[in-house]
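> pasting the sequence and the predicted coordinates here, then a few questions.
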Amino acid sequence: MLSVIVPVYNVAQYLERCVESIRRQTLADLEIILVDDGSTDGCYRICEDYRQKDSRIVVLHKENGGLVSARKAGLCISRGEFIGWVDGDDWIDEDYFEQMVRMQKESDADLVAAGHFHDIGNSKSKVFNYIHSGCYDKEEILPRLIYSGEFFEYGLQPHLWNKIIRRNIMEAVEMRIENSISIGEDVLAVYPCAMEADKICVTDICAYHYVQHANSMTKTIRKLEQRMLENLLDSLRYMWKDCKPEYHLDIQLTQYEKNYRLLHQFSTLERCQFPPYGEIANGSRLVIYGAGAMGRSLYQYFENRKTVEVIAWIDLNWKNYTDSECAVCPPEYIRECQDTYDLILIANTRKKAAIQMKDYMIQLGVEEDKIRWLTPEFIDNPIIWQESY
């Protein structure tokens with residue numbers, strides 16, 4: 001019924017927990033495929049040990065070729081009617097796939113989507129799709145597939161690992177993705193699969209644990225090439241070139257681009273006609289609230305810019321960021337800053353989360369006019385550059 005593919009690359013310290021969580025699944029009809037993509041840290045031996053322990057486990061070792069290449073290799077040897085995915089450093093609750101397969105059988109859906117846990121240290125938060133649970137024809141999903149209408153909430157989360165997808169659809173889509181793609185690998189798989197699916201089942205199942213490790217949280221932000229993002233967007237537009245205008249895919253992709261740049265390429269927005277936070281005067285003293293992807297992107301941008309001073313970086317999960325580029329403090333630290341800051345920038349792309357963060361700052365005595373999130377002009381308008389690249 002189900003083939004679970006695990007792309008493996010240099011995750012030796014997490015791999016046993018991952019594979020054990022799959023072996024313990026209450027779903028009996030299960031094939032487990034471990035694709036070792038040229039790991040150099042001991043994953044080879046771990047995979048081989050599990051091949052001997054469990055007859056359900058198939059192991060494939062290959063030269064390093066990247067995530068897309070590993071996924072294709074796993075698909076080529078899979079036998080299941082449906083494909084599920086688990087990243088080698090994540091793990092799942094024991095009834096995860098049983099719940100997913102049950103929903104598929106009840107709905108006869110081509111794609112079943114779940115929520116997930118976002119694990120940061122000892123903190124766990126639930127993340128759900130913005131589209132409510134239920135069974136949908138794709139015509140109902142596509143107008144809000146990527147962008148729900150509220151900044152920034154995906155209609156359907158872009159992750160491949162919290163879905164099971166009919167094998168013939170998954171294979172047709174994945175095989176046409178270029179192996180060289182290194183950003184947006186999930187986006188290029190999930191959304192075209194949704195386009196090909198006749199029926200989509202959205203669930204509130206929350207049993208996949210996406211783990212954000214300390215080393216991934218504190219690493220230097222990747223300086224992605226502008227062209228790579230443009231290639232990703234061009235690929236999506238090409239795949240959907242024949243879609244109906246009422247799906248508003250151009251609008252959805254514009255909002256997706258804004259979200260992506262905020263999280264990974266904040267520096268490219270400095271020449272935007274509508275800056276994300278409005279005008280920030282040279283010499284301003286800033287506090288960044290949020291140490292996730294956007295917070296790190298924002299921090300690096302201002303550190304490189306040198307025209308403002310970041311005097312504090314705060315986050316509720318501050319203990320998990322103690323080794324980051326700048327010491328991250330608890331939000332309560334703002335009381336010690338007193339009047340030494342001019343602005344607090346909320347580094348979160350989700351409106352609901354930003355509102356909660358703003359309310360908490362006000363509770364701590366911060367004046368409301370000193371708190372900034374993304375401006376309506378930035379959210380509502382297309383990205384227009386003041387000068388060309």
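Ah, there it is.

> next, count neighbours for D359.
A count of nearby residues for D359, using other CB atoms under 10 Å, gives 12. The C-beta positions use only the backbone N, C-alpha and C, and glycine is treated the same way.

> in what helix or strand does it lie?
Element membership for D359 (DSSP states H and E) is helix 351-363.

> that helix: how far from the chain's middle?
22 Å (CA atoms, centre = their mean, to the nearest Å).

> stretch 24-42 now?
Centroid separation between stretch 24-42 and its chain, computed with CA atoms, centre = their mean, is 22 Å.

> buried ones in it?
25, 27, 30-39 (16 or more other CB atoms under 10 Å).

> hmm, back to that, state the mean pLDDT of whichever helix or strand comes after the helix holding D359.
Next along the chain after helix 351-363, taking DSSP H and E as the criterion, comes strand 371-372. Averaged across strand 371-372, pLDDT comes to 98.

> who touches the helix or strand following strand 371-372?
Remark: after strand 371-372, the chain's next helix or strand is helix 376-380, criterion DSSP H and E. Contacts to helix 376-380, defined as CB atoms under 8 Å, 6 or more residues apart in numbering, come from residues 151, 258, 272, 274-276, 278.

> in stretch 194-201, what's buried?
For stretch 194-201, burial by neighbour count (16+ other CB under 10 Å) applies to 194-197, 199-201.

> actually stretch 12-26, sorry about that
For stretch 12-26, the neighbour count (16+ other CB under 10 Å) marks 12, 14-15, 18-19, 21-22, 25 as buried.

> that stretch - what's its average pLDDT?
The pLDDT scores in stretch 12-26 average 98.

> contacts for that stretch?
Residues contacting stretch 12-26 (CB under 8 Å, 6+ apart): 4, 6, 8, 11, 30, 32, 34, 39, 41-43, 46-47, 50, 54, 56-57, 86-98, 211, 213.

> correct me, but F151 touches A354?
No. With contact defined as CB atoms under 8 Å, F151 does not reach A354; the gap is 9.3 Å.

> what sits in contact with each of the two?
Joint contacts of F151 and A354 (CB under 8 Å, 6+ apart) are L374.

> out of the helices and strands in this structure, which is least certain?
Each helix and strand of the chain was given a mean pLDDT (mean pLDDT, DSSP states H and E); the minimum falls on helix 214-218 at a mean of 49.

> could you report the neighbour count for W318?
18.

> which residues does it contact?
291, 328-330.

> count the neighbours of the nearest residue to L374 once chain neighbours are set aside for me.
Excluding its sequence neighbours, the residue lying closest to L374 (CB to CB, 6 or more residues apart in numbering) is P276, at 5.2 Å. By the criterion of other CB under 10 Å, P276 has 23 neighbours.

> S182: what's it in contact with?
S182 neighbours (CB under 8 Å, 6+ apart): 66-67, 228.

> grab the nearest non-local neighbour of the residue minimising distance to the centre of the chain.
The centre of the chain sits closest to H159, judged by CA atoms, centre = their mean, with a distance of 6.2 Å. Setting aside the residues directly before and after it, H159 is nearest to D186 in space (CB to CB, 6+ apart), at 5.5 Å.

> give me the contacts around the helix or strand harbouring that neighbour.
Using DSSP H and E, D186 sits in helix 185-196. The contact list for helix 185-196, computed with CB under 8 Å, 6+ apart, reads 67-68, 71, 110-111, 138, 141-142, 145-146, 156, 158-161, 163, 165, 169-170, 172-174, 177, 181, 200, 232, 235-236, 239-240, 243, 256.

> ok now the helix or strand where H118 lies, how far from the chain's centre?
Here H118, judged by DSSP H and E, is contained in strand 116-120. Averaging C-alpha positions (CA atoms, centre = their mean) puts strand 116-120 11 Å from its chain's average.

> so what strands line up beside the following helix or strand past it?
Of the helices and strands lying after strand 116-120 in sequence (DSSP H and E), the nearest is strand 123-127. Its sheet considered, strand 123-127 pairs with strand 116-120 (antiparallel) by DSSP bridges.

> and the partner strand, average pLDDT?
Here strand 116-120 scores 94 as its mean pLDDT.

> ok, residues contacting that strand?
Applying CB under 8 Å, 6+ apart, the contact partners of strand 116-120 are 124-127, 157, 159, 161-162, 206-212, 217, 317, 320.

> which of those are buried?
The neighbour-count test (16+ other CB under 10 Å) marks 127, 157, 159, 161-162, 206-212, 217, 317, 320 as buried among the contacts of strand 116-120.

> hmm, L286 is touching I314, no?
No. Between L286 and I314 there is no contact, the gap being 11.3 Å when judged by CB under 8 Å.

> picking that back up, so which of the contacts of S182 are in strands?
Taking DSSP state E, every one of these sits outside strands.

> which of these scores worst on pLDDT?
Minimum pLDDT for those is recorded at M228 (83).

> that older thread, output the helix holding D359 as CSV, nothing but the C-alphas.
This file holds the C-alpha atoms of helix 351-363, laid out as CSV (Å, rounded to 0.1, in the frame of the first residue of the first chain):
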residue,chain,number,x,y,z
LYS,A,351,0.1,37.8,10.5
LYS,A,352,-1.4,35.9,13.4
ALA,A,353,1.9,35.3,15.0
ALA,A,354,3.0,38.9,14.4
ILE,A,355,-0.2,40.1,16.2
GLN,A,356,0.5,37.9,19.2
MET,A,357,4.2,39.1,19.3
LYS,A,358,3.1,42.7,19.2
ASP,A,359,0.5,42.2,22.0
TYR,A,360,3.2,40.6,24.1
MET,A,361,5.5,43.6,23.6
ILE,A,362,2.8,46.0,24.7
GLN,A,363,2.2,43.9,27.8
